[in-house]
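>>> below is the sequence, then the predicted model.
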Amino acid sequence: MDALIQQTAETLVGARSVVALTGAGISIESGIPPFRGPGGLWEKMDPMAVAHIDAFRRDPEKVWTLLLHGMQALLTTARPNDGHLGLARLEQWGYLRSVITQNVDGLHQAAGSRAVIEFHGTFAWQRCMDCGHRCETARVDLTKIPPRCPCGGIYRPDCVFFGEMIPPQHLVRSQQLVDGCDVLLVVGTSATVQPAAMMPLLAKENGAQVIEINPEPTPLTGRISNYLIQGGSGAVLNDILAGVAKLRAPS
Ligand code: OAD
């Protein structure tokens with residue numbers, strides 16, 4: 001493990017362009033449950049019943065009650081952990097070009113990351129289903145479910161539901177970044193949901209190194225990624241950061 005950490009630190013310091021693709025796993029240490037695996041949201045709920053746009057259109061009150069209201073409560077109190085802070089620090093030191101996150105929790109930005117693509121949108125904003133007006137979630141009256149816009153329309157989070165397209169500007173920008181990187185760090189994602197899951201393949205095809213950080217192997221492991229650093233993202237990124245700090249220290 002130590003050898004892999006050292007190797008990764010050296011790779012980051014020597015790279016031309018490093019991009020990180022993150023998923024729910026990086027926010028677990030902030031108290032936000034993942035979607036899959038033990039304790040995952042989709043163990044308790046059927047994503048097609050609560051996270052598909054057709055389900056929302058059919059019964060917004062049900063989706064707000066079962067999923068979104070609880071999510072809002074969790075995200076209001078969640079704080080960035082060492083994983084988010086580590087990636088922010090790598091960007092500040094000039095070793096990370098951008099984070100592409102599948103998460104909607106805003107924790108990368110809260111940690112100080114500036115170049116963040118929110119591939120699946122954000123929960124920080126709501127959008128009216130009728131007039132399209134956008135309003136910060138913190139300013140929306142959630143005492144009545146479903147919450148409503150002043151025009152009377154129902155608010156939906158500015159996130160990508162199943163059955164919806166990735167905002168084209170996010171997809172195009174992500175592909176450009178991944179095309180042009182020589183290292184892709186894949187942190188805390190099961191890499192099972194398209195099109196985000198194709199980014200590591202794209203990177204690999206363009207000759208980049210793909211480095212995974214995850215306590216468990218994923219479908220990328222041993223096939224697409226060069227190697228997996230097995231562990232929680234907070235501890236692993238702390239170790240990598242310590243390695244990078246040593247390499248950049250004036251001798
Ligand atoms: P998943 O819930 O599918 O996967 C979470 C990953 O985090 C798993 O591979 C875990 O092994 C890993 N993990 C667990 N603990 C960790 C830790 N301490 N540090 C790092 N990793 C850890 O989450 P995503 O891959 O993000 O989409 O899921 C992708 C998409 O599926 C989500 O964006 C969401 C969901 O349905 C939409 O809602 C559109």
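Looks like it came in fine.

>>> got the contact list for Ile117?
Residues counted as contacts of Ile117 (Cβ atoms under 8 Å, 6 or more residues apart in numbering) are Ser98, Val99, Ile100, Thr101, His170, Arg173, Ser174, Leu177. From N, CA and C alone the C-beta is placed, and that goes for glycine too.

>>> out of these, which are inside strands?
Residues of these located in strands (DSSP state E): Ser98, Val99, Ile100, Thr101.

>>> quick one: the helices in the stretch 51-200 of the chain, in order.
Listed in chain order, the helices of the stretch 51-200 of the chain (DSSP state H, counting those that start in this stretch) span 53-58, 60-63, 69-77, 82-92, 107-111, 168-179, 199-205.

>>> list of residues touching stretch 63-72?
Outside stretch 63-72, the residues that touch it by Cβ under 8 Å, 6+ apart are 41, 45, 49-51, 55-56, 123, 137, 142, 145-147, 157.

>>> keep only those of those residues that are also close to the ligand.
Restricting the contacts of stretch 63-72 to those near the ligand by Cβ under 6 Å from any ligand atom leaves Ala51.

>>> before we move on, the earlier item: quick one: which of the ones in strands among the contacts of Ile117 is most hemmed in?
Greatest neighbour count in those, by other Cβ atoms under 10 Å, goes to Thr101: 31 neighbours.

>>> before we move on, back to that, could I get the contacts of stretch 63-72 as TSV with neighbour count and distance to Pro195?
Below are the contacts of stretch 63-72 laid out as TSV (neighbours: other Cβ atoms under 10 Å; distance: Cβ to Cβ, whole Å):
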residue	neighbour count	distance to Pro195
Leu41	18	21
Met45	14	23
Ala49	15	23
Val50	22	22
Ala51	22	17
Ala55	21	21
Phe56	24	21
Phe123	21	20
Thr137	21	26
Leu142	16	31
Ile145	15	32
Pro146	20	29
Pro147	21	30
Pro157	24	20
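
>>> now for the contacts of stretch 63-72: which two are most distant?
Ala49 and Thr137 (22.4 Å; Cβ to Cβ).
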